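S.K.: I'll drop the sequence and a predicted model, then ask my questions.
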Amino acid sequence: MLLGGNKTTRKIDNFAINNLKIPSIVLMENAAISFVKHIDENEDNFLIICGKGNNGGDGYAIARQLFSKGKNVKIFCISNENMSNDCMINYEICKNMGIEIFYKIEELDKLFFECNVVIEGIFGTGLNSEIKGIYQEIIQKINTASNNKKVYSIDIPSGINGDTGEIMGISVKADITISFVTYKKGFLNSKIKDFLGKIIIENIGLNETSINHLLKEYYLTPDMIKSFRIKRNEDSHKGDFGKVLIFAGSSGFYGAGNIVAKSCVRTGAGLTTVITDKNNFSLNVFVPEAMSFPINFDNINENLEKLENEILNSDVIAIGPGIGKSEQAFLIFEKLISIKKNNKGNTIKLILDADALNLLSENRKLFEKIRNRSILTPHLVEFSRLTGFSTDEINKNRFEITKNFAKKYEIILLLKGKNTIITNGEELFANSTGNSHMANGGMGDCLTGIICSLVGQKYDLMKSAGIGAYLHGKIADELVKKQYIVNASHIIENISECILNIFQN
Ligand SMILES: NC(=O)C1=CN([C@@H]2O[C@H](COP(=O)(O)OP(=O)(O)OC[C@H]3O[C@@H](n4cnc5c(N)ncnc54)[C@H](O)[C@@H]3O)[C@@H](O)[C@H]2O)[C@@H](O)CC1
Ligand SMILES: Nc1ncnc2c1ncn2[C@@H]1O[C@H](COP(=O)(O)OP(=O)(O)O)[C@@H](O)[C@H]1O
Ligand SMILES: [K+]
């Protein structure tokens, strides 16, 4: 699903009107028809509150649509001065059709009392400053009345900034928000969850393929993930699903390596090998399907030549969880990223997480070696170390900072957290799955394992990161329906079933 904001709405509008030659009034009509589809047939007694822009225009068009179905409809017009053209056209038709229109704020309380459903079209993507005066008063009244009425917002609850989700002084608290064409970036702001209610994204008569060249940002949906699927060939063998080399875990943190390896195996990689201390036997018990490449941490040099062969045999290498920042860890990390092509002549892909990112932050010349073949999966603090921006700065400007970083270093950046962001600097995915019940140690290791496995199975880097983040969060979302806490082990045991559900449903 396309992800957009205030500017992109105007861009799409302009393209539809100027290039596709769809008159703007037709777009408004389509929006109104799509909106009305979501209103329960049994509802009657509507109060529609309209501003003077196109959001208000949508409101008048919706009023007409409901009126023509024989519903009891009243309109509150906030202002009929300086209306947008299409708003004026629909306002005039409503008047001509004999729909009752009220103008005085003193009448509002009575109007609320008489209606069952409030539909508000005060501001949409055109809101451009703090709400004051009569607008503030009306929104306050809607929120007071909303205790026993169903409130629908057109496009965006009036008062929410479509780009940032900021509340511009005050906002309508909607039960249902029916938004057009794009999932608004502002909806990702978790602080306004209670203002949005249920979110529905509707079409206004534009086929996604005719407008998707205009924007390259997406909110991940099950349909998108399904469309990424690469079908498994009946004749395929384990060599077709990737040789994955993992460097994760060290004394005290072997669990991290085990989690990465098990997630990788369960996601379907052909062959998984873990570089681990020669004295670590836990891998074989925890993940019998994985192989180990034993390292003598007391004398790294003794292993480096053999390691080179292992690297040359790999399709993808995941590095980082639980490796620490010791000199030995650094030497192995440096070796693993030093060879670009494997012995089949293919580029060896890299997934860098946790300590690999910390090592990278402190040794920036290594960025040169990872260009055009890597996914970096930092959480907020790791990303702050990588960029030098504070966590607050990143939170305020996630889209721009992640895109700029990915573009500058020519990598895929996956910034973990609520609505994980994945970008290559041009295209961007915002994840729609995941929850706070999965915020516990080992979760990121599990994500790394899933993603490197998908890369091994020949999914491209953006899609691997997108499917991985979606799947990881989706499993947690399903599990919280029947348990309170979700750990990495729970995710691991449900990976395969969830992939089946997503790809085949
Ligand atoms: N492509 C699309 O997505 C379509 C969008 N449509 C609708 O068009 C809306 C955008 O319409 P507009 O651009 O006319 O904008 P809005 O209707 O959101 O609001 C703009 C009006 O409000 C005023 N205003 C802005 N901030 C204010 C404030 N703080 N206090 C008082 N007045 C303020 C402006 O001066 C202007 O008159 C969308 O939200 C959507 O509802 C539909 O008509 C169909 C097509
Ligand atoms: N509140 C949340 N909502 C959605 N996803 C979350 C939330 N908290 C954590 N996660 C997900 O859990 C994972 C945690 O990763 P990370 O912080 O690296 O954990 P660890 O280092 O302990 O393995 C990430 O994929 C993150 O997106
Ligand atoms: K609105």
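M.R.: Yep, it's here. Ligands and ions are numbered 1, 2, ... in the order given.
S.K.: next one: the helix or strand hosting residue 209 to chain centre, how far?
M.R.: Using DSSP states H and E, residue 209 sits within helix 208-211. Mean C-alpha position of helix 208-211 versus that of the full chain (CA atoms, centre = their mean, to the nearest Å) differs by 20 Å.
S.K.: any idea of the mean pLDDT in it?
M.R.: The average pLDDT within helix 208-211 is 87.
S.K.: If you count neighbours, what's buried in that helix?
M.R.: When burial is assessed from 16 or more other CB atoms under 10 Å, helix 208-211 yields the following buried residues: residue 211. Backbone N, C-alpha and C define where each C-beta goes, glycine included.
S.K.: Show me what that helix is packed up against.
M.R.: Applying 3 or more CB pairs under 8 Å, 6 or more residues apart in numbering; DSSP states H and E, one finds that helix 208-211 makes contact with helix 6-18.
S.K.: Show me where the stretch 351-500 of the chain has its helices.
M.R.: Here the stretch 351-500 of the chain has its helices, by DSSP state H, counting those that start in this stretch, at 354-362, 367-370, 380-387, 391-396, 398-409, 443-456, 461-479, 488-504.
S.K.: Deepest in the core, which of these is it.
M.R.: helix 443-456 (a mean of 30; mean count of other CB atoms under 10 Å).
S.K.: so which of the helices of the stretch 351-500 of the chain gets nearest ligand 3?
M.R.: Taking CB to the ion as the criterion, helix 398-409 is the member of the helices of the stretch 351-500 of the chain that comes nearest to ligand 3, at 22.9 Å.
S.K.: could the helices of the stretch 351-500 of the chain go into JSON lines alongside mean pLDDT and distance to ligand 2?
M.R.: Putting these into JSON lines (pLDDT from 0 to 100; distance: least, CB to the nearest ligand atom, whole Å) gives the following:
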{"stretch": "helix 354-362", "mean pLDDT": "97", "distance to ligand 2": "6"}
{"stretch": "helix 367-370", "mean pLDDT": "98", "distance to ligand 2": "19"}
{"stretch": "helix 380-387", "mean pLDDT": "97", "distance to ligand 2": "8"}
{"stretch": "helix 391-396", "mean pLDDT": "95", "distance to ligand 2": "13"}
{"stretch": "helix 398-409", "mean pLDDT": "97", "distance to ligand 2": "13"}
{"stretch": "helix 443-456", "mean pLDDT": "98", "distance to ligand 2": "2"}
{"stretch": "helix 461-479", "mean pLDDT": "98", "distance to ligand 2": "6"}
{"stretch": "helix 488-504", "mean pLDDT": "96", "distance to ligand 2": "7"}
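S.K.: Switch those over to a markdown table; also include distance to residue 149.
M.R.: Compiled in a markdown table, the helices of the stretch 351-500 of the chain are given as follows (distance: least, CB to CB, whole Å):
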| stretch | distance to residue 149 |
| --- | --- |
| helix 354-362 | 49 |
| helix 367-370 | 55 |
| helix 380-387 | 39 |
| helix 391-396 | 35 |
| helix 398-409 | 35 |
| helix 443-456 | 41 |
| helix 461-479 | 30 |
| helix 488-504 | 37 |
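S.K.: Go through these and name the closest to residue 136.
M.R.: Each of the helices of the stretch 351-500 of the chain has some distance to residue 136 by CB to CB; the shortest is helix 391-396, at 25.1 Å.
S.K.: how about the nearest residue to residue 165, chain neighbours excluded?
M.R.: Leaving out its chain neighbours, the residue that sits closest to residue 165 by CB to CB, 6 or more residues apart in numbering is residue 189, at 2.6 Å.
S.K.: so how many other residues sit close to that neighbour?
M.R.: In terms of burial, residue 189 registers 21 neighbours under the definition other CB atoms under 10 Å.
S.K.: How about residues contacting the helix holding residue 209?
M.R.: In this structure, residues lying in contact with helix 208-211 by CB atoms under 8 Å, 6 or more residues apart in numbering are 2, 12, 15, 16, 20, 181.
S.K.: what sits against the first one?
M.R.: The one in question is residue 2. By CB under 8 Å, 6+ apart, residue 2 lies in contact with 8, 181, 182, 183, 208, 211, 212, 215, 217, 218, 219.
S.K.: Distance check, it against residue 179.
M.R.: Note on residue 2: its distance to residue 179, by CB to CB, to the nearest Å, is 11 Å.
S.K.: The fifth one now?
M.R.: With distances taken as CB to CB, residue 20 is found 20 Å from residue 179.
S.K.: Which one of these two is surrounded by more residues?
M.R.: In this view residue 20 and residue 179 are compared by other CB under 10 Å, and residue 179 has more residues nearby, 26 against 13.
S.K.: Any idea what that one is bridged to?
M.R.: When assigned by DSSP bridges, residue 179 has beta-bridge partners residue 201.
S.K.: where's it relative to residue 153, distance?
M.R.: The gap separating residue 179 from residue 153 is 8 Å, by CB to CB.
S.K.: Just give the nearest non-adjacent residue to residue 385, would you?
M.R.: Nearest-residue entry for residue 385: residue 361, 4.3 Å, with adjacent residues in sequence omitted and distances by CB to CB, 6+ apart.
S.K.: Please list the residues of the stretch 201-350 of the chain that sit near ligand 1.
M.R.: residue 204 (CB under 6 Å from any ligand atom).
S.K.: let's see 8 Å
M.R.: Selection of the stretch 201-350 of the chain residues close to ligand 1 by CB under 8 Å from any ligand atom yields 204, 206.
S.K.: Whatever residue of the stretch 201-350 of the chain ends up closest to ligand 1 and residue 68, how far apart?
M.R.: With CB to the nearest ligand atom as the measure, residue 204 is the residue of the stretch 201-350 of the chain nearest to ligand 1, at 5.2 Å. The spacing between residue 204 and residue 68, counted by CB to CB, is 19 Å.
S.K.: One more: residue 201?
M.R.: Distance from residue 201 to residue 68, counting by CB to CB: 25 Å.
S.K.: Looking at those two, which one has more neighbours?
M.R.: Set side by side, residue 201 and residue 68 show unequal neighbour counts under other CB under 10 Å, the larger going to residue 201 at 18 against 12.
S.K.: where's the more buried one relative to residue 178, distance?
M.R.: Distance of residue 201 to residue 178, computed by CB to CB: 8 Å.
S.K.: and what of residue 3?
M.R.: 17 Å.
S.K.: who has more neighbours, these two?
M.R.: When residue 3 and residue 178 are compared for neighbours, residue 178 comes out ahead with 25 against 22, by other CB under 10 Å.
S.K.: count of residues packed around the single nearest residue of the chain relative to ligand 3?
M.R.: Across the chain, the shortest distance to ligand 3 (CB to the ion) belongs to residue 158, at 4.1 Å. Other residues near residue 158 come to 28 when the count uses other CB under 10 Å.
S.K.: now it, what's its secondary structure?
M.R.: Look at residue 158: counting by DSSP: H, G, I helix; E, B strand; the rest coil, its state is coil.
S.K.: for residue 484, what are its contacts?
M.R.: Residue 484 neighbours (CB under 8 Å, 6+ apart): residue 437.
S.K.: does residue 315 really touch residue 243, like I thought?
M.R.: Yes: under the criterion of CB atoms under 8 Å, residue 315 makes contact with residue 243 at 5.1 Å.
S.K.: Need the overlap of contacts for the two.
M.R.: Common neighbours of residue 315 and residue 243 (criterion: CB under 8 Å, 6+ apart): residue 456.
S.K.: neighbour count winner among those two?
M.R.: Shown here are residue 315 and residue 243; by other CB under 10 Å, residue 315 has more neighbours (24 against 21).
S.K.: What separation is there between that one and residue 343?
M.R.: Using CB to CB, residue 315 is found at 11 Å from residue 343.
S.K.: what does residue 187 give?
M.R.: The span separating residue 187 from residue 343 equals 48 Å under the rule CB to CB.
S.K.: and if you look at residue 399?
M.R.: Applying CB to CB, one obtains 40 Å for the distance of residue 399 from residue 343.
S.K.: Spit out the contact partners of residue 26.
M.R.: Under the criterion of CB under 8 Å, 6+ apart, the contact partners of residue 26 comprise residue 205.
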